[in-house]
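Undergrad: I would like to see how this sequence folds:
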Amino acid sequence: MTSVKPTSSPRFNSFLLVFACFSLFACSSAQLVLPRNFEDSLYRAQFLANIDQRQVREALVDHSQQFENWSKHPAELVHLFANVEQAPSENISWGCFNDTFSILKGLVQKQRWAIEMLDADGKLPSGILEGEFTWLGAYDECLKIQPNVTTTPPWSTQYCLVSFPFPSAVVQLFQGAVKSLNIGFCLPKSCSPQDVVALFNSGLHVMKVNNTLTEGNVYCQQQDRALSIKAIVVLAVVAVFVTVVIVASIYDIYITHFVSEFFKIEVLDPPSVNATTATDYQPLFGRQSTPVRSTLASLILCFSAYSNTKKIFEVGRSSEGALECLHGIRVLSMFWVILGHTWVFPFGVLDNLFDMLDFLKSWSFQAISNATFSVDTFFTMSGLLVTYLFLRELKKQEGQVHPSLIIMYYFRRFWRLTPPYMLFIMFYVPLIGYWGSGPVYPQQGTEVDECENTWWTNMLYINNFVKANKMCMGWSWYLSNDMQFHWVALPVLLVIAFWPLIGTVMILAFVLVHMLSTSLILHNDPKAASMLNGGGGGIQDLGNSDWFVNLYIKPYCRIGTYAVGMAAGYLLFRLNGRRYRIPILLNILGWITAAAFALSVLYGYHREYNGDPMSNELREFYWAASRIAWSLAIVWVVIACSTGNGGFVNTLLSWKAFIPLSRLTYAAYLVHPVLMLSFFYSSRILLHAGDVYMSIFFVAFVVFSYASGFLLSLVFEAPFMGMDKLFFRKWQ
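TA: Purely as a prediction, here's the structure:
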């Protein structure tokens, strides 16, 4: 096929767009936005509660009537295409022009490859009025097409997703939840995003449609991408870690099962022991002797997957004073985090967006929409353990506050969390773009500028204050809060150890700061309040400085739950592991009260989704007090179980099977969102949210999150914990 001779005319731009719209049979508008963080997604669905479905459907029908002339009889369109031999405008490259024109001629000639390209385009589906605003087409079919053309050089196909903005009136009806319609196109690879933008904008203008696209509205998937320098370096670093782990494991097995046998020394039993044969022997000093290990050998063994696996799965007898029920609470809370994220993370690739309205109105779904309280459970447990363990350590040192105790209090926490945290960021940020493919897969990665300008805020645990709107690894805000609580807790611990009354007042002050900060922010910032209640602030404000940045991730709006945990930790320390029989009536009253607090937190907001909104004052009180109430319920469970008043609840939470999973919870927390992102956005079709499907996904993510967490722990976490025991604990 020869190239088209350039004879300037503006008709070509409109003709190409008509061709594209014919392949869709309609065109109108939803912006596909990957959630920047998962708590954003968790609240995003709540905005749907205020959407009037009837008004939305009417607006969509009215909007679609503007495009009646976009879908003409195929024969008329082909006749139009066959008679167009015009040059492209200055904004469309010649390669894109010629290759696209060859598609049109292929359609006129009814060539199979051209029909396949048309078939691979996204088209008007059923269920638009139920919220299906992404028309993906056939991604794999598009990429497999081999155009039968005679042009030189021959060209190949590419898949592009184009986003057409809705009119502002429709966006307002959606509360900002949906802004445009995504449509997949199978186009020549010679067409750049700039070509596609120019093509569609010209056509929209000719059709007198008041709409303009930018390069941000066009996303073309690249094939056979070469690894970036960052990705190659990261793979080399990971290979070094894996090699060290393998070598250390082989060395560990060798000295454990071979060298130790050599060091058994045969010693004949003395006559008084009545040795039965001359070959009887016993290990030296009554036990098997092993060679003395050098510091270097011990350091190498810190990386042994063999020993670290045994440590992870060790479920032997617990040490004195261990709070065994915390294992179960930690694991079940992590399951809850995964459950919440399973429902909200695929928000951008659902074909039944409006069904979320019915879910939010149901009682059963409240336990999912309020899954953010699982984070408060972790804050409570953290405050409890820090207080309990620090006071026990101080008691061992007979109340002497040595400088080493203070230094290690801060350093060991940093050492415990930071290496696996930063190494995982190093691992996933440059590589995630290569892990999957699909019409909506984020090949450019999921982090802003690959965290080049923000990674240091993660390492210093200040990313909830510094550059929070560009936070690297959005779910890491929890780690920053937890570390900041750890920083400010030490003065309180020292005071409460020697002056309990003053320390108690300081803990109450933290609770008061929590409640007042939340109330004042909600009272003075209507947008922040609307973000929490599904009001008019709009989902477009998510990730900006109205809700997530100014309220949700700030430590002064979270510290109350940590303080409640500290109070419980002090109480358990004073009990000193003793069993305390609570009178049966008082015990029952405690459990009923804890259950009432928990249920009021989980279901107290249900009325908001069913046309019975709270007053502003009641709403502010709910968000100021709900997390404290939840923490009180959690600490009752811990105290009751630890003092012998937990009954079957303690039996369940102290189940030995929870212990290995509890040790892997930190790694599972780091890795599980990345697994969800890779899975959901590798899909070739839209997903349909429903109880059965999401339950299956949830179970699968639990399994794969902990399995991946196990590998992450062996390579990036357990070795540094071993070094902590080898060097720092002895120094303390």
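
Undergrad: number of nearby residues for N201?
TA: Counted with other CB atoms under 10 Å, residues neighbouring N201 total 20. All C-beta atoms are positioned from the backbone trio N, CA, C, and that covers glycine.

Undergrad: Contact partners for it?
TA: Shown in contact with N201 (CB atoms under 8 Å, 6 or more residues apart in numbering): T212, L213.

Undergrad: And the pLDDT at it?
TA: pLDDT, N201: 79.

Undergrad: A helix includes it, no?
TA: Yes: assessed with DSSP: H, G, I helix; E, B strand; the rest coil, N201 lies in a helix.

Undergrad: and the gap between Y693 and D355?
TA: Distance, Y693 to D355, by CB to CB, to the nearest Å: 12 Å.

Undergrad: Compare neighbour counts for the two and give me the winner.
TA: D355 (16 against 12).

Undergrad: Name the SS class of the residue lying closest to the more buried one once chain neighbours are set aside, please.
TA: Of all residues beyond its chain neighbours, the one nearest D355 is A689 (6.3 Å), with distances taken as CB to CB, 6 or more residues apart in numbering. On the three-state scheme (three-state DSSP), A689 is labelled coil.

Undergrad: And A689, its phi and psi?
TA: phi -70, psi 130 (degrees, to the nearest 10).

Undergrad: mind listing what's buried in the helix or strand where D482 lies?
TA: Per DSSP states H and E, D482 falls inside helix 477-498. For helix 477-498, a neighbour-count test (16 or more other CB atoms under 10 Å) marks 477-486, 489, 492-497 as buried.

Undergrad: and K396, how many neighbours?
TA: K396 has 9 nearby residues by other CB under 10 Å.

Undergrad: Check the one 5 residues further on too.
TA: Here the number of neighbours of V401 (other CB under 10 Å) works out to 12.

Undergrad: Ok, the one 5 residues further on next?
TA: Counted with other CB under 10 Å, residues neighbouring I406 total 12.

Undergrad: just wondering, since we're on it, how far is it from Q400?
TA: According to CB to CB, I406 and Q400 sit 12 Å apart.

Undergrad: Give me the next element, helix or strand, following the helix holding D482.
TA: Note on helix 477-498: by DSSP H and E, the next helix or strand toward the C-terminus is helix 500-524.

Undergrad: So what's the gap between that next one and the chain middle?
TA: Offset of helix 500-524 from its chain centre (CA atoms, centre = their mean, to the nearest Å): 29 Å.

Undergrad: and the longest helix along the chain, what does it pack onto?
TA: Assignment by DSSP state H gives helix 403-431 as the longest helix of the chain. Packing contacts for helix 403-431, counted by 3 or more CB pairs under 8 Å, 6 or more residues apart in numbering; DSSP states H and E, involve helix 229-254, helix 373-396, helix 455-459, helix 477-498, helix 665-680, helix 718-723, helix 729-731.

Undergrad: For Q222, pull up the helix or strand it's in.
TA: Of the helices and strands defined by DSSP H and E, none includes Q222.

Undergrad: so how many other residues sit close to it?
TA: Per other CB under 10 Å, the neighbour tally for Q222 reads 13.

Undergrad: how about it, what does it touch?
TA: Contacts of Q222 by CB under 8 Å, 6+ apart are Q158, Q443.

Undergrad: quick one: it from I229, how far?
TA: Q222 is 17 Å from I229, where distance means CB to CB.

Undergrad: picking up where we left off before, let's have the helices and strands packed on helix 403-431 in CSV, adding mean pLDDT and distance to I329.
TA: Formatted as CSV, those follow (pLDDT from 0 to 100; distance: least, CB to CB, whole Å):
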stretch, mean pLDDT, distance to I329
helix 229-254, 95, 31
helix 373-396, 95, 7
helix 455-459, 96, 27
helix 477-498, 96, 16
helix 665-680, 96, 10
helix 718-723, 94, 21
helix 729-731, 58, 26
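
Undergrad: Sketch out the low-pLDDT regions of the stretch 501-650 of the chain for me.
TA: 526-546 (pLDDT under 70).

Undergrad: Do a quick rundown of the strands in the stretch 151-300 of the chain.
TA: Listed in chain order, the strands of the stretch 151-300 of the chain (DSSP state E, counting those that start in this stretch) span 157-165, 180-188, 218-220.

Undergrad: between the helices and strands packed on helix 403-431, which gets nearest to L199?
TA: When these are compared by CB to CB, helix 665-680 sits nearest L199, at 30.1 Å.

Undergrad: between the closest one and helix 373-396, how big is the angle?
TA: Relative orientation of helix 665-680 versus helix 373-396 (axes from the mean of the first three to the mean of the last three CA atoms, to 10 degrees): 160 degrees.

Undergrad: by contact count, what packs against helix 665-680?
TA: helix 325-344, helix 403-431, helix 691-712.

Undergrad: Outside of it itself, list whatever touches it.
TA: Residues outside helix 665-680 that contact it (CB under 8 Å, 6+ apart): 34, 38, 330-331, 334, 337-338, 341-342, 345-346, 349, 417, 420-421, 424, 428, 432, 435-436, 442, 446, 475, 478, 687, 701, 704-706, 708-710, 712-713, 716-717.

Undergrad: try stretch 306-325
TA: Residues outside stretch 306-325 that contact it (CB under 8 Å, 6+ apart) are 249, 252-253, 256, 301, 384-385, 388, 392, 572, 576-577, 637-638, 641-642, 646, 649-650, 653-654, 656-657, 659-660, 663-664, 710, 713-714, 718-719, 722.

Undergrad: same deal with stretch 113-126?
TA: In contact with stretch 113-126 (CB under 8 Å, 6+ apart) are residues 20, 23-26, 103-107, 132, 135-139, 141-142, 145-148, 157, 159, 182-186, 351.

Undergrad: Weed out the non-buried ones from those.
TA: Looks like the contacts of stretch 113-126 have 20, 23-24, 26, 103-107, 132, 135-139, 141-142, 145, 147, 157, 159, 182-186, 351 buried, using 16+ other CB under 10 Å.
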